[in-house]
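*Asks:* starting from these lines, generate the structure:
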Amino acid sequence: MKKFLDRLKKEACPYVDLNESESELYHGAGWAIAHTDGGQIESFTYLNEFEYENEEVEAEAAIKAALKHGNAYFGMCSSYQFCEPALISGDNPTVAARIMRLSVEELD
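*Replies:* Residues are numbered from 1 along each chain as shown. Sure thing, here's the model as predicted:
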């Protein structure tokens, strides 16, 4: 089975070009969690869509959902690309901490 990171291109920064079905999920530039399956992005959770004053609760729920899913990555959506994808896992708590920090900063 093809893995999501098999599509990774390493230029100035690592990125994945969104294919036609994934581009329909794209809502513009911003920090996002990409849930993947079989090498494809099946959904995005944008940090800037979290409700004001509940962003910490929503970020925590999004991290838990990503950990439960098991194939979720955090990165930046930009120009129909997903840039600098980082696997969200219990082995790398810095990714979750970054999501929490950026979810609050997005709204400030």
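*Asks:* please make it C-alpha for all contacts and neighbour counts, starting now.
*Replies:* Will do.
*Asks:* ranges for the strands of the chain?
*Replies:* Remark: strands assigned in the chain by DSSP state E are 9-10, 14-17, 30-37, 40-46, 72-78, 81-87.
*Asks:* kindly reformat the ones you listed as CSV containing distance to S103, mean neighbour count and mean pLDDT.
*Replies:* Formatted as CSV, the strands of the chain follow (distance: least, CA to CA, whole Å; neighbours: other CA atoms under 10 Å; pLDDT from 0 to 100):
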stretch, distance to S103, mean neighbour count, mean pLDDT
strand 9-10, 26, 12, 84
strand 14-17, 21, 18, 95
strand 30-37, 9, 22, 97
strand 40-46, 9, 19, 97
strand 72-78, 12, 23, 97
strand 81-87, 16, 21, 96
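*Asks:* can you tell which of those is closest to L102?
*Replies:* Each of those was scored for nearness to L102 using CA to CA, and the closest is strand 30-37 (8.0 Å).
*Asks:* from the contact counts, what lies against that closest one?
*Replies:* strand 40-46, helix 55-69, strand 72-78 (3 or more CA pairs under 8 Å, 6 or more residues apart in numbering; DSSP states H and E).
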